[in-house]
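K.L.:
model this:
(one chain, ligands or ions: 1)
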Amino acid sequence: MRKEIVVNQLIKILKNRYEKDIRKIPSNNLEVFRTLITTILSQRTRDENTRSAANALFSRVDAPKKILKLTNRELKRLIKPSGMFRQKAKKIKSVSRIILEKYKGRVPKTREELMNLPGVGFKTADVVLMYGHGIPSIAVDTHTNRVPKRIGLVEKKTNVEEVKRVLESLIPKKDWYIVNMGLVQFGREICQPIRPKCEICPISMNCEYFMQKTKKK
Ligand code: SF4
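P.N.:
The predicted structure follows:
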C-alpha cells in the first residue's frame with residue numbers, strides 16, 4: 001500500500017515538473033537510427049560530450065549507408081568528443097552494416113533484435129524502443145536505478161534488469177515514458193548521486209533515505 005501511494009505521488013511530481021519536456025516520438029526511420037547511434041555515443045560519457053559528438057557526426061552523415069562510406073579515421077575524428085571513440089566507431093560501423101543488410105535500413109523493433117546488435121545492451125535497447133519507436137519500456141540508467149532505491153520503491157541490492165521489472169510492475173504502462181524521462185531529470189537536478197537536495201525535494205516525506213537521514217540526527 002505504501003508503495004502504491006508513493007508511486008502515485010512520484011508520478012504526479014514528475015508530470016508537474018517534466019511533462020513540458022516530453023519529446024515527440026521520431027516520425028521516420030532516419031530519426032530512429034539517429035536515436036540508436038546517439039545512445040551508443042552516450043555510453044560512459046556525459047551528456048554534453050554525447051551532444052557534441054552526435055552533432056559533429058550527423059552534420060556530416062545521417063544514414064547507415066553514408067556512415068559506412070566514412071573512413072574509419074574520419075568517423076573516429078567526428079565522434080572523438082564522446083570518449084572511447086575507437087570502440088564506438090567500430091560498433092557504429094557494425095551496427096550500420098547490419099541495419100542496412102539485415103533490416104533493409106530499418107531499426108528493429110524488438111528488444112531481442114536490438115540486443116543482438118554489437119554494442120547494444122539492455123539499456124540502449126530500451127532507450128531505442130521508448131524514445132525511438134515509442135514502444136513503452138523503462139530504460140534503467142544510473143538515475144533510474146538510484147532514485148527509486150533511495151525512495152524505497154526498489155530494494156538496494158537489486159540489479160538493473162530487476163529494477164526495470166519492479167518499476168514496470170509498479171508503474172502503469174501509460175506513465176512509463178514520463179516516469180523514465182522524469183527520473184533521469186530528477187536524478188540530475190534534485191536526487192543527485194553525491195549530495196541529494198533533500199531539503200527542497202518534493203517527495204522527501206515519503207523517502208526512506210531522507211527518513212533514515214533525519215532519524216540519525
Ligand atoms: Fe532523493 Fe533526498 Fe528526494 Fe529522497 S528526499 S528522493 S534522497 S533528494
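K.L.:
For the rest of this, base every contact and every neighbour count on C-alpha atoms.
P.N.:
Noted.
K.L.:
and residue 118, what does it touch?
P.N.:
Neighbouring residues of residue 118 by CA atoms under 8 Å, 6 or more residues apart in numbering: 91, 94, 95.
K.L.:
Of those residues, which belong to helices?
P.N.:
Among the contacts of residue 118, the ones falling in helices (DSSP state H) are 91, 94, 95.
K.L.:
got TSV for those, with distance to the ligand too?
P.N.:
Converted to TSV, the ones in helices among the contacts of residue 118 look like this (distance: CA to the nearest ligand atom, whole Å):
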residue	distance to the ligand
91	35
94	39
95	37
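K.L.:
closest to residue 176 among those residues?
P.N.:
residue 95 (27.2 Å; CA to CA).
K.L.:
Counting neighbours, which bits of stretch 19-30 end up buried?
P.N.:
19, 26, 30 (16 or more other CA atoms under 10 Å).
K.L.:
just the residues you listed now: which is nearest the ligand?
P.N.:
Nearest to the ligand among the buried residues of stretch 19-30, counting by CA to the nearest ligand atom, is residue 19 at 18.6 Å.
K.L.:
which ones are touching the nearest residue to that closest one once chain neighbours are set aside?
P.N.:
Distances taken as CA to CA, 6 or more residues apart in numbering place residue 178 nearest to residue 19, at 6.7 Å, with adjacent residues excluded. By CA under 8 Å, 6+ apart, the residues touching residue 178 are 11, 14, 15, 18, 19, 22.
K.L.:
who are the neighbours in contact with the fourth one?
P.N.:
Yep, that's residue 18 we're talking about. For residue 18, the contact set (CA under 8 Å, 6+ apart) comprises 178, 181, 182, 185.
K.L.:
could you check the distance from the second one over to residue 130?
P.N.:
The reference is to residue 181. Separation of residue 181 from residue 130 (CA to CA, to the nearest Å): 10 Å.
K.L.:
Then the third one?
P.N.:
Spatial separation of residue 182 from residue 130 under the definition CA to CA is 13 Å.
K.L.:
got the residues of the chain near the ligand?
P.N.:
With the criterion set to CA under 6 Å from any ligand atom, the chain comes near the ligand through 147, 150-151, 190-191, 196-198, 201, 203-204, 207, 209-210.
K.L.:
Would you show me how to pick out the buried ones of those residues in PyMOL?
P.N.:
Buried members of those, defined by 16+ other CA under 10 Å, are picked up in PyMOL with:
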select buried, resi 147+150+151+190+191+196+198+207+209+210
